[in-house]
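Chemist: Build me a structure from this.
(one chain, ligands or ions: 1)
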Amino acid sequence: MMQSHIRQSGAAAAAAVALFSYCTAFGREGKKEENGSVGVHHLVAAALVEWRPPRRHAAISSAPLTSFYPNLAICEPIRDVESDNDDDDDDNDDNDSDVGFYYLRMNPKEVERTSLSDSHAIFGALSGTGMIERYDIYRRVLDDVAVERKPRGGSSRREVVIVNLSVGDKLNGHGGIVHGGILSLLFDEAMGWAYECLRHEDDWLDDPSSPVTAVTANLTVDFRAPFVEGSEGVIRVYHDERKGRKIYFTAKLESKDGEEMAKGSFLAIRMKYL
Ligand SMILES: CCCCCCCC(=O)SCCNC(=O)CCNC(=O)[C@H](O)C(C)(C)COP(=O)(O)OP(=O)(O)OC[C@H]1O[C@@H](n2cnc3c(N)ncnc32)[C@H](O)[C@@H]1OP(=O)(O)O
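Modeler: Next up is the predicted model:
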């Protein structure tokens, strides 16, 4: 079982600094609490809480998020290695304890090329009571002490963003079950934000003059279990590989208790002229 440790550490301090910077940059535009503050006390408290991974955990690919704060989500760290070899895990036990991530809430202002106007499907027309009631996007951030692991085979697969979402009772197909097209929309958007995260990384700026807008060229979704109306869930988006203008992602939708409800694969293509 997971254990929580409240401690002052380099990682927590870094998280606190990052959060403070984030709030300074975006807090004034952020969601306000009833008393009008931006919830800094929550943020500082959150920054000092770290989830530590269990000593042994073979083939962990995800774990339910344990808490959400206004601008921070905390969960058990995700391992990029899907190991089928317990011996290797034994060898890496010491390193495992240092693998950690946290998630910083993204703000629309981070995506300067994206208009989140009334015309946006998720943040406009389909946003509201009974429809898409929550769609909060978080960027995954690596702890300062953690080492990003490469899965076997040399692929660069890694988690990029998560989306904390909630869907009401007005977007169904069959009675009581959220329409598959709506879930596809939620996946598509999550992938788009994952792309936005990636393109801000240094090696993606090798040619600043080249177009940066990407569109979804291909989207495939497997529906594994009914996502019932009124459900909360988490979409996790993974970057798989990049081939020139083509960027490949996969994603999954988990219920609040961690069950896989749907999974998707995506091909985004950077446009030639935008
Ligand atoms: C933060 C914001 C989040 C927002 C998320 C929302 C995302 C969206 O919904 S976007 C809207 C839906 N998508 C669209 O409207 C896209 C419409 N399609 C297009 O504009 C074009 O077809 C486009 C740009 C995808 C590709 O056109 P173009 O750049 O001319 O491609 P082209 O040069 O022919 O092919 C480039 C490569 O991609 C491949 N490719 C092109 N289309 C596809 C496809 N559909 N499937 C697989 N591969 C494809 C080609 O085979 C080629 O591969 P390679 O380089 O290996 O030979």
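
Chemist: Would you map the helices across this structure?
Modeler: 10-26, 40-47, 86-91, 93-96, 180-199 (DSSP state H).

Chemist: and the ones you listed, which one is worst for confidence?
Modeler: Mean pLDDT is lowest for helix 40-47 among the helices of the chain, at a mean of 30.

Chemist: Could you measure from the closest residue to the ligand within the stretch 51-200 of the chain over to Leu219?
Modeler: Among all residues of the stretch 51-200 of the chain, Gly192 sits closest to the ligand, at 2.2 Å; criterion: CB to the nearest ligand atom. For the C-beta atoms, the positions are set from N, CA and C on the backbone; glycine is no exception. Distance of Gly192 to Leu219, given as CB to CB, to the nearest Å: 11 Å.

Chemist: And these two? Which one has more around it.
Modeler: More neighbours surround Gly192 than the other of Gly192 and Leu219, with 20 against 17 (other CB atoms under 10 Å).

Chemist: Only alpha carbons, please: show stretch 258-268 as CSV.
Modeler: Output of stretch 258-268 as CSV, limited to C-alpha atoms (Å, rounded to 0.1, in the frame of the first residue of the first chain):
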residue,chain,number,x,y,z
GLY,A,258,-8.6,3.4,-11.5
GLU,A,259,-10.5,1.0,-13.8
GLU,A,260,-9.7,1.4,-17.5
MET,A,261,-12.9,2.6,-19.2
ALA,A,262,-11.5,3.4,-22.6
LYS,A,263,-8.2,3.8,-24.4
GLY,A,264,-7.2,5.6,-27.5
SER,A,265,-4.4,6.2,-30.0
PHE,A,266,-3.8,9.4,-31.9
LEU,A,267,-1.8,10.8,-34.7
ALA,A,268,-1.2,14.5,-34.6
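
Chemist: what stretches of the protein score poorly on pLDDT?
Modeler: Where the chain drops to pLDDT under 70, the residues are 1-101, 107-117, 143-156, 202-210, 274.

Chemist: Get me the contact residues on it for the ligand.
Modeler: By CB under 6 Å from any ligand atom, the residues of the chain that approach the ligand are 111, 114, 188-189, 192-193, 196, 215-218, 244, 246, 267, 269, 271-272.

Chemist: Now the buried members of those residues.
Modeler: Buried members of the residues of the chain next to the ligand, scored by 16 or more other CB atoms under 10 Å, are Val111, Asp188, Glu189, Gly192, Trp193, Glu196, Thr216, Leu267.

Chemist: quick one: contacts for the fifth one?
Modeler: By that I understand Trp193. The contact partners of Trp193, taken as CB atoms under 8 Å, 6 or more residues apart in numbering, are Met106, Val111, Ile137, Val161, Val163, Val237.

Chemist: if we go to 6 Å?
Modeler: Residues near Trp193 by CB atoms under 6 Å, 6 or more residues apart in numbering: Ile137, Val161.

Chemist: any idea how far Gly173 lies from Val167?
Modeler: Applying CB to CB to Gly173 and Val167 gives a distance of 12 Å.

Chemist: which of the two has more neighbours?
Modeler: When neighbours are counted by other CB under 10 Å, Gly173 and Val167 differ, and Val167 comes out ahead with 26 against 13.

Chemist: Identify the residues contacting that one.
Modeler: Contacts for Val167 (CB under 6 Å, 6+ apart) come out as Val178, Ser231.

Chemist: The buried ones among the residues of the chain next to the ligand into JSON lines, with extra columns for distance to Ala125?
Modeler: What follows is those, written out as JSON lines (distance: CB to CB, whole Å):
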{"residue": "Val111", "distance to Ala125": "19"}
{"residue": "Asp188", "distance to Ala125": "15"}
{"residue": "Glu189", "distance to Ala125": "13"}
{"residue": "Gly192", "distance to Ala125": "17"}
{"residue": "Trp193", "distance to Ala125": "19"}
{"residue": "Glu196", "distance to Ala125": "21"}
{"residue": "Thr216", "distance to Ala125": "19"}
{"residue": "Leu267", "distance to Ala125": "26"}
